[in-house]
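Q: sequence below, structure please.
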Amino acid sequence: MDQQITVAELFAGVGGFRLGLEGYSDNAKGWQLPAAGPYKTIWANQWEPGSDKRQFAARCYEDHFGKGSVVNEDIALVLDEYDAGRRAIPDVDMVVGGFPCQDYSVARPLSQADGIEGKKGVLWWSIYRFLRIQLAKSSNNARWCMFENVDRLLKSPAKQRGRDFAIILSCLASLGYSVEWRVVNSAEYGFPQRRKRVYILAERNVEWDLKERLLHGAMASAFPMEAPETVSYVDIPADPYVASQSFNLGGKISPFSDAGVMVWNRAITCRVLEAYNGPRKTLGDVLVPKAEVPEEFFVPESQREKWEYLKGSKKEKRTNKATGFEYSYSEGAMSFPDPTNKPSRTILTGEGGRGASRFKHVVQCEDGRLRRLVPDELDQLQCFPKGWTNTGMTDGQRAFCMGNALVVGIPHRIGIEVAKELSSQERMN
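A: Residues are numbered from 1 along each chain as shown. Modelled structure (predicted):
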C-alpha cells in the first residue's frame, strides 16, 4: 500500500489508539505488535482537568512517543486558539479518540448561524468542532473517524433512550459520514478482560448498502458475528437539535442495538451473537511471578473478613445519614478471589490503593495468600505492553490510566480492516 494514513488522536490518554494502529516493537522489553496498516499519528491531545499533578497520562505519552508528541492543554482552548489564528493544527486523514460519556444537550439548531453547540465542557462537541475545522481546510481531510465509548451511550439518557447516540449520528451525517458501530466485549474475541465498549467507525463520501455493510463491513470482518435473525431500521434526524428535542421522546427502550450502520440518516441495527473461534486469553495469562509482587499488594489476614463482606451478597437495612431515612439494600455476591482461568472483570480507575473494595480484583497465590493486581498486570489486561505506564507514576495513577484506557487490540483489528479496504480501493484505481 502506497498511501499513508495520518492520524490525530484526541483524548489520547496513554496512547491506546496510537498503539493499536501503529503497533509497537521493543525486543529488549519483549514488546511486539505489528502495525495495523500505514498509520502515522502526527497530532495528539491529552488533558486531565486540574493541576499539573494530574497530567501524568500526557507525560507517559511523551515518554514513549517523544517530547512534543502530545498537546497537553484543554482541547476547547486549543481550538479557540486555532480559530483566533494563534495555533496550527495539521491536516489529517483520520481522527480517533475515546471521549468521556457526558451530557450531549444541544443548545441551538443547525439553521442558526453559529451551528450547534453543546453545554460548556461537553467533549463530543470538541470532536465535532475538530472535524469541522479539518473539513473547512480541505474536503479530503478526516476521511475516517474511529471513536470509543461506554456501551450505555447507545441507550442514554434514561428519560429519552438513544438520544445521545442519535445526536452523534446526526452530527456525523451532517458532515457527510457513513457510520458503522459495534458493541465489543473484548473477552468474546480472545482478549483477557471482559470489557464491553461501543466502537464507532465513520467514513466520508461513501454510500454503503445498509444490510450488506452490516453483515460484511469492516466491523463484521474485525469481529465476526452470526447472521442476525431480525434487523430494525431507525431514521436519524438531519438536525442534531431536532434529535436532542424529540428523538424517541418518551421511549423506554433505545432503538439502537449492539451493531449498526447508518448512511444518509437511515440506520439499520441488530443484536449480536459473536462467532469467534480463535485463541483466547485469561486473567492467569497476564499474572506476573509472585517474586515481582511488592508486599503491599498482598491482603493482610486481618483485612480478609472485610474483603469477604464487600465481595459477598447483602440484604440489609441501611439508613441515609443525611435524612435518617431507612431503606433495604441488597446486592449479589462477586467471585472472591477472582478466577484466573477466565477473562477478568472490567478493570476500573479505582483498582489502585490498599483499601478493601468490592470492585478491585483479588487473586489467590499458590500458597493461599490473596493479593491485588499490580500495575504491570493492569497494563496487560488492556493489551498494552507490560510496564507501559511505568514512567514515574504512582501505582494509583497507573491504575487510573488503565481504568480509563481501551483494549489496544480492538482498534488494531478495526485498523487492519480499514487498511485492507484502502488497499483494495488503490488496486481498483
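Q: Three-state assignment for the residue nearest to residue 364 when sequence neighbours are not counted, please.
A: Across the structure, with CB to CB, 6 or more residues apart in numbering as the measure, the residue nearest residue 364 apart from its sequence neighbours is residue 337 (4.3 Å). In this view, the C-beta of every residue, glycine as well, is placed from N, C-alpha and C. Residue 337 carries the three-state label coil when classified by DSSP: H, G, I helix; E, B strand; the rest coil.
Q: from residue 301, how far off is residue 337?
A: Shown here: residue 337 relative to residue 301, a distance of 14 Å by CB to CB, to the nearest Å.
Q: so which of these two has more stuff around it?
A: Taking other CB atoms under 10 Å, residue 337 and residue 301 do not tie; residue 337 has more neighbours (15 against 9).
Q: just to check, the more buried one is in contact with residue 362?
A: Yes. The pair residue 337 and residue 362 passes the contact test of CB atoms under 8 Å, sitting 4.8 Å apart.
Q: common neighbours of these two, please.
A: The overlap between the contact sets of residue 337 and residue 362 (CB atoms under 8 Å, 6 or more residues apart in numbering) consists of residue 370.
Q: any buried residues in the one helix or strand residue 203 maps to, and which?
A: Secondary structure here is read from DSSP states H and E; on that basis residue 203 sits in strand 196-204. Neighbour counts over strand 196-204 (16 or more other CB atoms under 10 Å) mark 197-204 as buried.
Q: just curious, which of the residues you listed is nearest to residue 282?
A: Using CB to CB, residue 197 is the member of the buried residues of strand 196-204 that lies nearest residue 282, at 19.6 Å.
Q: that closest one contacts residue 182, doesn't it?
A: No. In this structure, residue 197 sits apart from residue 182 without contact. The criterion is CB under 8 Å, and the distance is 9.5 Å.
Q: quickly list the domain ranges of the protein.
A: If the domains of the chain are taken from automatic domain parsing, they occupy 5-276+408-428, 283-404, with pieces of a single domain joined by a plus sign.
Q: pick the most deeply packed of those.
A: domain 5-276+408-428 (a mean of 19; mean count of other CB atoms under 10 Å).
Q: distance between the ends of it?
A: Using CA to CA, to the nearest Å, the end-to-end distance of domain 5-276+408-428 comes out at 18 Å.
Q: what mean pLDDT does that domain get?
A: When pLDDT is averaged along domain 5-276+408-428, the result is 92.
Q: beta partners of residue 319?
A: Residues found in beta-bridge contact with residue 319 (criterion: DSSP bridges) are residue 326.
Q: if I look at it, how far off is residue 326?
A: Residue 319 sits at a distance of 5 Å from residue 326 (criterion: CB to CB).
Q: what does residue 309 give?
A: In this structure, residue 309 and residue 326 are 20 Å apart, going by CB to CB.
Q: work out for me the element residue 182 sits within.
A: For residue 182, the secondary-structure element it belongs to, assigned by DSSP H and E, is strand 177-185.
Q: quick one, phi/psi of the residue nearest to residue 364?
A: Backbone dihedrals for residue 337, given as degrees, to the nearest 10, come out at phi -70, psi 170.
Q: what do you get for residue 139?
A: The phi and psi torsions at residue 139 (degrees, to the nearest 10) take the values phi -70, psi -10.
Q: name the helices or strands packed onto the strand or helix carrying residue 9?
A: In this structure, residue 9 sits in strand 5-10 according to DSSP H and E. Using 3 or more CB pairs under 8 Å, 6 or more residues apart in numbering; DSSP states H and E as the contact test, the elements touching strand 5-10 are helix 16-22, strand 39-44, strand 94-98, helix 124-137, helix 409-428.
Q: would you give the sheet partners of the shortest one, along with the direction of each?
A: Sheet neighbours of strand 94-98, with direction, are listed as strand 5-10 (parallel), strand 144-150 (parallel) (DSSP bridges).
Q: re earlier: can you add distance to residue 4 and give the helices and strands packed on strand 5-10 back as a markdown table?
A: What follows is the helices and strands packed on strand 5-10, written out as a markdown table (distance: least, CB to CB, whole Å):
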| stretch | distance to residue 4 |
| --- | --- |
| helix 16-22 | 11 |
| strand 39-44 | 6 |
| strand 94-98 | 11 |
| helix 124-137 | 16 |
| helix 409-428 | 10 |
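Q: ok, which of the ones you listed comes nearest residue 211?
A: Nearest of the helices and strands packed on strand 5-10 to residue 211, taken as CB to CB: helix 409-428 at 18.0 Å.
Q: over to the residue nearest to residue 421 when sequence neighbours are not counted: give its phi and psi.
A: The spatially closest residue to residue 421, leaving aside those adjacent along the chain, is residue 218, at 6.5 Å (CB to CB, 6+ apart). For residue 218, the backbone dihedrals are phi -60, psi -40 (criterion: degrees, to the nearest 10).
Q: tell me the contacts of residue 218?
A: 180, 201, 414, 417-418, 421.
Q: ok, now residue 31?
A: Taking CB under 8 Å, 6+ apart, we find residue 31 in contact with 24-25, 385-386.
Q: list just the nearest of the residues you listed to residue 176.
A: residue 24 (33.3 Å).
Q: quick check: phi and psi at that closest one.
A: Recorded main-chain torsions at residue 24 are phi -150, psi 150, according to degrees, to the nearest 10.
Q: got any ranges where the stretch 301-429 of the chain has weak pLDDT?
A: Residues of the stretch 301-429 of the chain that meet the criterion pLDDT under 70 lie in 429.
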